[in-house]
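> curious how this folds, go ahead:
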Amino acid sequence: MNRHEPTSGRWPRCDRTVAWSALQGHAEAHGHALDLRQLFTDDPDRAQRLSLQAPEVWADLSRAHWDVATRRHLLDLARECGLEARRDALLRGDIANVTEGRAALHTALRAPKGAVPFGAHMGEQVHAELDRMLAFAEGIRARAGGDQPGDIHDIVHIGIGGSDLGPQMVVAALAAWVHPRLRVHFVSNVDGQDIAALLPRLKAQHTLFVVASKTFTTQETLANARTARQWFTEQGGTDIARHFVGTTTQVTTAAAFGVTTTFGFWDWVGGRFSMWSSIGLPIALAVGADAFRELLAGAHAMDRHFADAPLDANLPMLLGLLDVWQRNFMGYRSRCVVPYSQNLHRLPAYLQQLVMESNGKGVDVDGQPLPYATSDVVWGEPGTNGQHAFFQMLHQGSDVVPVEFILVRQPSHRDAEVFSPALRASLVQQHQVLLANALAQAQALMHGKTFEQALSEAAPTASPVVPCEVIARHRTFPGNRPSLTLLLDRLTPSALGALVALHEHRTFVSGAVWGINSFDQWGVELGKALCQDLLPRLDSGDVSGLDAATAQLITRLR
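Down below sits the predicted model:
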């Protein structure tokens, strides 16, 4: 098959397979009755059997609501749906985004030159642009924090969606690698308060603005870029070409804005998969060329695992299949991502876009309405903050929500060498407390607490006028709540690259099973188009032809 031809119609849709029917029967007969506590009692080796080492990431899937039969049926489903062939087509550069006739070859952005099958035909131009971007970044970093005009102290990245969430997440995660004399800021919201709060803290002669827009027409990004340019000139800035750079494919449009230094990418780079491309310029500026290449290398290691590992030992495959099981057969509508690492505080938001924009679809690749659910709702916050916010619902609420714990065995503290031995020891102890909290939460979700246990315990804060039995019922935890744990040894650039690539491939796997296009996002377009009609109406007050609710709001907002 020619790689320019779509391959999606070669395999049956999941609900038309024998394995799908088998999974339905299994769920009805056994799935909803699965009890994690009993599963561990029946199989003392369950934890080891359902754990897996992938590049940089160790995964414990033993606390998920599945058993040996579930896994077998899911692997059968993968084979019937041609998952391995679809993966190979994706990595080779066949058409994956069928509605726009494009490949989705983000794996080529992090592949060594000549790597097969990761877009080897794209390698020369990918590496040429990568080398150019990293050389620019190193030039800025070499004079970072200096006193001469043009020496940069602050990087302001202006983008939105995929061009914002990925770079922002990575720069925060790799805080220990960020240049000590560079401050990196992110502006995305079209709400002017986002950029207005930042500008007074900057000096024009020491600020570099990075404008990230594939078409250089994105409404929110261009609104913030115009405000930044206005501020820059009002502050006496005259060399726009030196203080504004663009990551875009539209060089002419950028030049008309005043941006003459641009770094490009290709139409097969989707927004939410773009941080590996020139969209990652703020990452390179923050952490440097070596760390950026390590980020790419970690992602490529996970790409190789995805490409080469057999189905039953392939972590992205197993996680994607588990997502299908939990969504379609167990009926779980959301999953909670809780990184026990403050540096990963933007990871839940990044994964939210990756999963929900990719797989939030209601028709298959042929445009036919789907009779089954697709993307779940992905949400979360760092632990231990989440424990004091939404864990109440996770433990005792009426909905069962699978929880994904992300742990880092060893912390990486910036400038830790300047801390006293006592302070370093204190930080080590804090990390032990953090890890203990994560372990405790996963344990509590699984084991719960019986009425008898609650009744036998003292409850010092309980009201003395409420019967003990009533208090005990309030303090009973049902348990048997599913979770999984992903463990990194350290949060290094390589480990972060592998973790992100793992979730990219996982998202592709579930989307491929569902028979949807995980690489378009038409749902984003309608609101944009309507905004273009409504914007002038806010000025004119013309509400003709509008629905009553919108008309009323326009009148009140004027």
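> all strands of the stretch 101-250 of the chain, in order?
154-158, 183-187, 207-212, 244-247 (DSSP state E, counting those that start in this stretch).
> pLDDT on the shortest one, on average?
Which is strand 244-247. Mean pLDDT, strand 244-247: 96.
> when you give positions from now on, start the count at 38
Let's use 38 as the start, then, which means that last one is strand 281-284.
> touching that strand from outside, list them.
Outside strand 281-284, the residues that touch it by C-beta atoms under 8 Å, 6 or more residues apart in numbering are 173, 200, 245-250, 253, 262, 265-266, 269, 291, 294-296, 298-302, 314-316, 318. To be clear about C-beta, it is placed using only N, CA and C from the backbone, and glycine gets the same treatment.
> repeat the analysis, applying 7 Å as the threshold.
245-249, 253, 266, 291, 295-296, 298-300, 315-316, 318 (C-beta atoms under 7 Å, 6 or more residues apart in numbering).
> please enumerate the strands of the stretch 388-537 of the chain.
Counting by DSSP E, counting those that start in this stretch, the stretch 388-537 of the chain has strands at residues 414-416, 440-447, 520-527.
> tabulate the ones you listed in CSV, adding columns for mean pLDDT.
Shown next, in CSV, are those (pLDDT from 0 to 100):
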stretch, mean pLDDT
strand 414-416, 98
strand 440-447, 98
strand 520-527, 98
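> would you reformat the ones you listed as JSON lines and include mean neighbour count and distance to G68?
Formatted as JSON lines, those follow (neighbours: other C-beta atoms under 10 Å; distance: least, C-beta to C-beta, whole Å):
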{"stretch": "strand 414-416", "mean neighbour count": "18", "distance to G68": "21"}
{"stretch": "strand 440-447", "mean neighbour count": "20", "distance to G68": "19"}
{"stretch": "strand 520-527", "mean neighbour count": "20", "distance to G68": "17"}
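> tell me where the stretch 488-595 of the chain has helices.
488-493, 505-511, 530-551, 562-577, 585-594 (DSSP state H, counting those that start in this stretch).
> would you single out the least confident of these?
Across the helices of the stretch 488-595 of the chain, helix 562-577 gives the lowest mean pLDDT, at a mean of 92.
> in that helix, which residues are buried?
R574 (16 or more other C-beta atoms under 10 Å).
> could you dump that helix to CSV, C-alpha only?
What follows is helix 562-577, C-alpha atoms only, in CSV (Å, rounded to 0.1, in the frame of the first residue of the first chain):
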residue,chain,number,x,y,z
GLU,A,562,-13.7,25.0,14.6
LEU,A,563,-17.4,25.8,15.2
GLY,A,564,-16.8,28.1,18.2
LYS,A,565,-14.1,29.9,16.3
ALA,A,566,-16.3,30.5,13.3
LEU,A,567,-19.2,31.7,15.5
CYS,A,568,-16.9,34.1,17.3
GLN,A,569,-16.0,35.8,14.0
ASP,A,570,-19.7,36.6,13.6
LEU,A,571,-20.3,37.7,17.2
LEU,A,572,-17.3,39.9,17.7
PRO,A,573,-18.6,42.8,15.5
ARG,A,574,-22.0,42.4,17.1
LEU,A,575,-20.6,43.3,20.5
ASP,A,576,-19.6,46.7,18.9
SER,A,577,-22.7,47.3,16.9
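> by contact count, what packs against that helix?
If you count contacts as 3 or more C-beta pairs under 7 Å, 6 or more residues apart in numbering; DSSP states H and E, helix 562-577 packs onto helix 585-594.
> can you rerun that using 10 Å?
Applying 3 or more C-beta pairs under 10 Å, 6 or more residues apart in numbering; DSSP states H and E, we find helix 562-577 packed against helix 256-271, helix 585-594.
> out of those, which comes closest to Q433?
helix 585-594 (37.3 Å; C-beta to C-beta).
> buried residues in the closest one, which are they?
Buried-residue list, helix 585-594, by 16+ other C-beta under 10 Å: I591.
> same question, stretch 181-190
A181, I189, H190.
> at the geometric centre of this structure, which residue sits there?
With distances taken as C-alpha atoms, centre = their mean, the residue of the chain nearest its centroid is L388 (2.4 Å).
> that one touches L356, doesn't it?
No. With contact defined as C-beta atoms under 10 Å, L388 and L356 do not form a contacting pair (11.9 Å).
> quick one: common contacting residues for those two?
Common contacts of L388 and L356, defined by C-beta atoms under 10 Å, 6 or more residues apart in numbering, comprise E441, H540, R543, T544.
> and the residue nearest to the last one when sequence neighbours are not counted, what pLDDT?
With sequence-adjacent residues excluded and distances taken as C-beta to C-beta, 6 or more residues apart in numbering, T544 is closest to S395, at 5.0 Å. Here the pLDDT value assigned to S395 is 97.
> quick one, what contacts S395?
141, 307, 309-310, 411-412, 541, 544-545, 547-548, 553-558.
> just the buried ones from these?
Here, 16+ other C-beta under 10 Å leaves 141, 307, 309-310, 411-412, 541, 544-545, 547-548, 553-558 buried among the contacts of S395.
> so who does W268 touch?
So W268 contacts I232, A233, L235, L236, P237, L239, A241, T244, F246, G274 (C-beta under 10 Å, 6+ apart).
> tell me, how many residues neighbour the third one?
The one in question is L235. 18 (other C-beta atoms under 10 Å).
> quick one: it from T244, how far?
Plainly put, L235 is 10 Å away from T244 if you go by C-beta to C-beta, to the nearest Å.
> joint contacts of these two?
Common neighbours of L235 and T244 (C-beta under 10 Å, 6+ apart) are D191, V193, H222, A265, W268.
> list only buried entries from the residues you listed.
Buried among the shared contacts of L235 and T244 by 16+ other C-beta under 10 Å: D191, V193, H222, A265, W268.
> between those residues, which is closest to T529?
H222 (23.8 Å).
> tell me the bridge partners for the residue nearest to the closest one when sequence neighbours are not counted.
Spatial nearest neighbour of H222, excluding adjacent residues (C-beta to C-beta, 6+ apart): V193 at 4.9 Å. In this entry, V193 is beta-bridged to H222, F246, by DSSP bridges.
> if we can go back for a sec, out of the shared contacts of L388 and L356, the closest to R109 would be?
Nearest member of those to R109, counting by C-beta to C-beta, is R543, at 19.8 Å.
> quick one: that closest one and L355, what's the gap?
The gap separating R543 from L355 is 9 Å, by C-beta to C-beta.
> more neighbours: which of those two?
Neighbours were counted for R543 and for L355 using other C-beta under 10 Å; L355 has more, 26 against 23.
> next secondary structure after the helix or strand harbouring that one?
Using DSSP states H and E, L355 maps to helix 352-361. Per DSSP H and E, helix 352-361 leads on to strand 371-377 as the next helix or strand towards the C-terminus.
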